[in-house]
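Colleague: Predicted model follows, preceded by the sequence.
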Amino acid sequence: MINRLIHWSLHNRFIVIAAFLALCAWGVFALNRVPIDAIPDLSENQVIVYADWPGRSPQEVEDQITYPLSVSLQGLAGVKTVRATSMFGFSFLTVIFEDKTDTYFARTRVLERLNSLGDRLPEGVAARLGPDATGLGWVYQYYLKDESGTHDLGSLRALQDTFVRYQLASVPGVAEVASLGGFVRQWQVEVSALKLKQYDLTLGDVMNAVAASNQNIGGKTIEENGAEYVVRGLGLVQSAADLEAIALQPRSGTPLFLRDVAAVSIGGDFRRGTLDVNGREVVGGIVVMRYGENAWQVIQDVKARLASLAAGLPEGVSIASFYDRSDLIGRAIATLKNALFEEIVLVTLMHVFFLWHFRSILIVTIPLPASILISFILMDRFGIPSHIMSLTGIAIAIGVLVDAGIVMTENVIRQCERALEEKGRTRPPGAPVGSSPDAGPNGPALPAPELTAKEIFDITLSACQQIGRPMFFSIIVVVLAFVPVFMLGGQAGKLFHPLAWTKVFAILGALLLAVTVVPVLCTLFVRGPFKPEEENWLMKFLLRLYDPLLNFALRRQRTVLALAAALLVFCVILAWGLPRFVNDRLPDTISRHTDGFGTEF
């Protein structure tokens, strides 16, 4: 099959080159589509459930909310475990699913179960799902910078909650925007216990009166003179005066108002934390990315939306960031780009030094970026994001990517050298070498032997088919070496699978190009003159080192095998004792690093 593919490629060179260019264009398109992040997401397949029950102790929350929810959610299909936490006023549960379970299928199943548990929870308590994000979704954090000094923390928090937060939540890929810092402004009614006792009222009477007076009521319509009028009762609280004028009870024609028993003011809600920037308390927000989104693109969209919001902010208020993962992503990608460029240059120089044929550089370097683009095409198809681990797989595969092209190109060049030698032996004996087109034993000088395009084509076909099958199976063996990596599960699998997949993708792409594009490029770029291997100074130096070692190994076969066996035994003993050595040393190291925070830490 490999020989037939090489034969077809050489006899359809235009189709192969056109398909190669189309494949490169597809790869560039896929390169821009693949999600970009700095590090792989090692978080488990989880769904967050939380329920609020204000004012209740952790024990009450545990007995009446956490326990019923955890028991019910454990029975869902694909659930591995349920982790629950009961705290003052709320319950927090994390439902861990198997890795093969789709994230949104898991959320749907949890939501269906929560809808059927309404009667088991206390009245007024509703369990809700958390955002469809993971711990790695925290991609951007900002704060409101007040340069004028005229805005307090309450007004800044109101600006964050009512304007900035909703604008950022509409950005594609954003799962949640969490507000942080400042004070949530609210109307606070400070009731006097003495006055309640004086007027024979309870706190519940005050709460019921406030709740009943803070609502709009809709009525029917009235038709008059051909017009229709909507009847409404407006009762929403707009100011402190509206609250103070709420009637609590009638009193001999003059009702008892809220202002008679309480003081109304604007204050801050109870809070459990603050946000500090350079020793100054500020108001900010955390942008959480949706699971599986492109972190780089989400951050850029958030920045663009924040820039568009600048015109709607009060005078003297701006938005500044103090955590931006795009910086880390940019540095990680730049580091790997530099590594790829250096490896490509190094491979190209080594190719020149060993073969000493400059046109063949194009045969090796052209398929190299194309095989990387093929890897991005498969990454896009299989949903593998681009991060430091997946790009590392491509980086460490550079040597294998050019190996097939170098081997095939070298064989073609060596076959051409032999063909020229054979062609030189057929010259008439004693004929001088010159530039005249005439040939003869006693006539003008003969031209230097050259290979025609038809001869190069035939030599390329024969040379590529000669090593096509061995080269194919040798690379397949390299691919099969990653089978143990693919069998890893859990966090180890999530960490190393992208590396293994991208390297396999790049190797398979290089293999495909080696049996299709490389033979075609050989027919176009392999031309004379050819420098024999014996005239290459680098090869002569290496052969002077290699030949004595090879002769020694062949003469002392038993000695060489005994040394190899001894080395193997030594490595086995070393590997066998390494885990025990680590286990013996690890507790001492941990104790030194944690006790007293000494200098060794």
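Modeller: Cool, got the structure. Residues are numbered from 1 along each chain as shown.
Colleague: Would you mind listing where the chain has pLDDT under the threshold?
Modeller: Flagging of the chain using pLDDT under 70 yields the residue ranges 351, 355-359, 423-449, 528-536, 578-601.
Colleague: Quick one: the strands in the stretch 151-300 of the chain, in order.
Modeller: For the stretch 151-300 of the chain, the strands defined by DSSP state E, counting those that start in this stretch cover 174-180, 185-191, 217-224, 227-233, 247-249, 256-257, 262-268, 275-277, 280-289.
Colleague: List the buried residues for the last one?
Modeller: This points to strand 280-289. For strand 280-289, the neighbour count (16 or more other CB atoms under 10 Å) marks 282, 283, 284, 285, 286, 287, 288, 289 as buried. Glycine gets a C-beta too; all of them are placed from N, C-alpha and C.
Colleague: For residue 119, which of the strands of the stretch 151-300 of the chain is the nearest?
Modeller: Residue 119 sits nearest to strand 174-180 of all the strands of the stretch 151-300 of the chain, at 28.9 Å, using CB to CB.
Colleague: quick one, that closest one and strand 280-289 angle?
Modeller: Between strand 174-180 and strand 280-289, the angle comes out at 170 degrees (axes from the mean of the first three to the mean of the last three CA atoms, to 10 degrees).
Colleague: which helices and strands sit right next to strand 174-180?
Modeller: helix 165-169, strand 280-289 (3 or more CB pairs under 8 Å, 6 or more residues apart in numbering; DSSP states H and E).
Colleague: Each with direction, which strands does that strand pair with?
Modeller: strand 280-289 (antiparallel) (DSSP bridges).
Colleague: And for the partner strand, what's in contact with it?
Modeller: For strand 280-289, the surrounding residues in contact (CB atoms under 8 Å, 6 or more residues apart in numbering) are 131, 133, 137-145, 153, 156-157, 159-160, 164-165, 168, 173-182, 274-277, 295, 298, 302, 322.
Colleague: for the nearest residue to residue 195 once chain neighbours are set aside, what are its contacts?
Modeller: Spatial nearest neighbour of residue 195, excluding adjacent residues (CB to CB, 6 or more residues apart in numbering): residue 261 at 4.2 Å. Residue 261 is in contact with 191, 192, 195, 196, 199, 201, 206, 248, counting by CB under 8 Å, 6+ apart.
Colleague: nearest spatial neighbour of residue 57, skipping sequence neighbours?
Modeller: Excluding its sequence neighbours, the residue lying closest to residue 57 (CB to CB, 6+ apart) is residue 88, at 6.6 Å.
Colleague: Return the residues in contact with that neighbour.
Modeller: So residue 88 contacts 56, 57, 58, 61 (CB under 8 Å, 6+ apart).
Colleague: gap between stretch 183-202 and the chain center?
Modeller: Relative to the centre of its chain, stretch 183-202 is centred 53 Å away, using CA atoms, centre = their mean, to the nearest Å.
Colleague: Output that stretch as CSV - backbone C-alpha positions only.
Modeller: Taking C-alpha atoms only, stretch 183-202 is exported to CSV below (Å, rounded to 0.1, in the frame of the first residue of the first chain):
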residue,chain,number,x,y,z
PHE,A,183,-20.8,47.5,50.5
VAL,A,184,-24.1,46.3,49.0
ARG,A,185,-26.4,49.3,49.7
GLN,A,186,-29.8,48.6,51.3
TRP,A,187,-32.5,50.3,53.3
GLN,A,188,-32.1,49.5,56.9
VAL,A,189,-34.9,49.9,59.4
GLU,A,190,-33.7,50.2,63.0
VAL,A,191,-36.6,49.3,65.2
SER,A,192,-36.9,50.5,68.8
ALA,A,193,-37.8,47.7,71.2
LEU,A,194,-39.2,50.1,73.7
LYS,A,195,-41.6,51.7,71.2
LEU,A,196,-42.7,48.3,70.0
LYS,A,197,-43.6,47.4,73.6
GLN,A,198,-45.2,50.8,74.1
TYR,A,199,-47.6,50.3,71.1
ASP,A,200,-48.0,46.6,71.7
LEU,A,201,-46.4,45.5,68.4
THR,A,202,-44.0,42.7,67.4
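Colleague: buried ones in that stretch?
Modeller: Using 16+ other CB under 10 Å as the test for burial, stretch 183-202 gives 183, 184, 185, 189, 196, 201.
Colleague: Could I get the phi/psi values of the last one?
Modeller: Backbone torsions for residue 201, taken as degrees, to the nearest 10, come to phi -120, psi 160.
Colleague: Could I get the strands of the stretch 151-300 of the chain in CSV, plus columns for distance to residue 408?
Modeller: Shown next, in CSV, are these (distance: least, CB to CB, whole Å):
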stretch, distance to residue 408
strand 174-180, 49
strand 185-191, 73
strand 217-224, 81
strand 227-233, 83
strand 247-249, 94
strand 256-257, 95
strand 262-268, 74
strand 275-277, 60
strand 280-289, 45
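Colleague: Residue 375: which of these is closest?
Modeller: Between the strands of the stretch 151-300 of the chain, strand 280-289 lies closest to residue 375; by CB to CB that is 24.5 Å.
Colleague: C-alpha coordinates for that closest one, PDB please?
Modeller: Extracted C-alpha coordinates of strand 280-289, given in PDB (Å, rounded to 0.1, in the frame of the first residue of the first chain):
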ATOM      1  CA  ARG A 280      -6.500  50.600  49.800                       C
ATOM      2  CA  GLU A 281     -10.000  49.000  49.900                       C
ATOM      3  CA  VAL A 282     -11.600  48.900  46.500                       C
ATOM      4  CA  VAL A 283     -14.600  47.400  44.600                       C
ATOM      5  CA  GLY A 284     -13.900  44.900  41.900                       C
ATOM      6  CA  GLY A 285     -15.100  41.800  40.000                       C
ATOM      7  CA  ILE A 286     -13.900  38.400  39.000                       C
ATOM      8  CA  VAL A 287     -14.600  37.100  35.400                       C
ATOM      9  CA  VAL A 288     -15.100  33.400  35.300                       C
ATOM     10  CA  MET A 289     -14.800  31.700  31.900                       C
END
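Colleague: I'd like the numbering to begin with 8 instead of 1 from here.
Modeller: All set: I'll call the first residue 8, so the last point we hit is now strand 287-296.
Colleague: ok, now which ones touch residue 50?
Modeller: Neighbours of residue 50 in contact, by CB under 8 Å, 6+ apart: 141, 142, 143.
Colleague: tell me the SS of it?
Modeller: Using DSSP: H, G, I helix; E, B strand; the rest coil, the structure places residue 50 in coil.
Colleague: In TSV, list the buried residues of strand 287-296 along with distance to residue 86.
Modeller: Below are those laid out as TSV (distance: CB to CB, whole Å):
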residue	distance to residue 86
289	40
290	38
291	35
292	32
293	28
294	29
295	24
296	25
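Colleague: nearest spatial neighbour of residue 414, skipping sequence neighbours?
Modeller: The nearest residue in space to residue 414 (CB to CB, 6+ apart) is residue 478, at 5.8 Å.
Colleague: No more questions from me, cheers.
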